[in-house]
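Engineer: for reference, the sequence and a predicted model appear below.
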Amino acid sequence: MATKKPINFTAKKISNWLTIIIISSTVIILILISVFLYKNFYQTITQTKEIVILRKEVAPYAVDMEKFNSIIDQLTKKTLPKKLDNIISPFR
């Protein structure tokens, strides 16, 4: 049977591991905070700037929906396929 080697905990090893854990957790927390701020603040600010710019370009008058619907209906009637009833088949 193999004998188990005892683990030696020295103050230097504990200090080194604790420093590594603190530095890595600090880096991870900073990354998470920056991602949160980017998604929730920066992107929102840029979207509101785009909305303000687009509001200036939108037409200032309202659309007459009855006229719009009648035009759409006329376009759909115009683009419907025609019935081909009186065609003589050349293969008969």
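Structural biologist: Happy to help now that I have it.

Engineer: residue boundaries of the strands in this protein?
Structural biologist: Assigned by DSSP state E, the chain shows no strands.

Engineer: pLDDT below threshold where in it?
Structural biologist: Along the chain, the parts satisfying pLDDT under 70 run over 1-2, 59, 92.

Engineer: need the longest helix for the chain.
Structural biologist: Longest helix of the chain, by residue count under DSSP state H: helix 11-37.

Engineer: for it, the distance to its chain's centre please.
Structural biologist: Averaging C-alpha positions (CA atoms, centre = their mean, to the nearest Å) puts helix 11-37 30 Å from its chain's average.

Engineer: same thing with stretch 4-16?
Structural biologist: Distance, centroid of stretch 4-16 to centroid of chain: 48 Å (CA atoms, centre = their mean).

Engineer: give me the contacts around it.
Structural biologist: For stretch 4-16, there are no external contacting residues (CB atoms under 8 Å, 6 or more residues apart in numbering). For glycine as for every other residue, the C-beta is placed from the backbone atoms N, C-alpha and C.

Engineer: if you count neighbours, what's buried in it?
Structural biologist: By 16 or more other CB atoms under 10 Å, stretch 4-16 has no buried positions at all.

Engineer: pull the CA atoms of it into PDB?
Structural biologist: Extracted in PDB, the C-alpha atoms of stretch 4-16 (Å, rounded to 0.1, in the frame of the first residue of the first chain):
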ATOM      1  CA  LYS A   4      -0.200   9.100   1.800                       C
ATOM      2  CA  LYS A   5       2.000  12.200   1.800                       C
ATOM      3  CA  PRO A   6       0.700  14.900   4.100                       C
ATOM      4  CA  ILE A   7      -0.200  18.200   2.600                       C
ATOM      5  CA  ASN A   8       2.000  21.000   3.900                       C
ATOM      6  CA  PHE A   9       0.200  24.300   4.300                       C
ATOM      7  CA  THR A  10       2.600  27.000   4.800                       C
ATOM      8  CA  ALA A  11       1.800  30.700   5.200                       C
ATOM      9  CA  LYS A  12       3.600  31.400   1.900                       C
ATOM     10  CA  LYS A  13       1.500  28.900  -0.100                       C
ATOM     11  CA  ILE A  14      -1.800  30.100   1.500                       C
ATOM     12  CA  SER A  15      -0.800  33.700   0.800                       C
ATOM     13  CA  ASN A  16       0.000  32.900  -2.900                       C
END
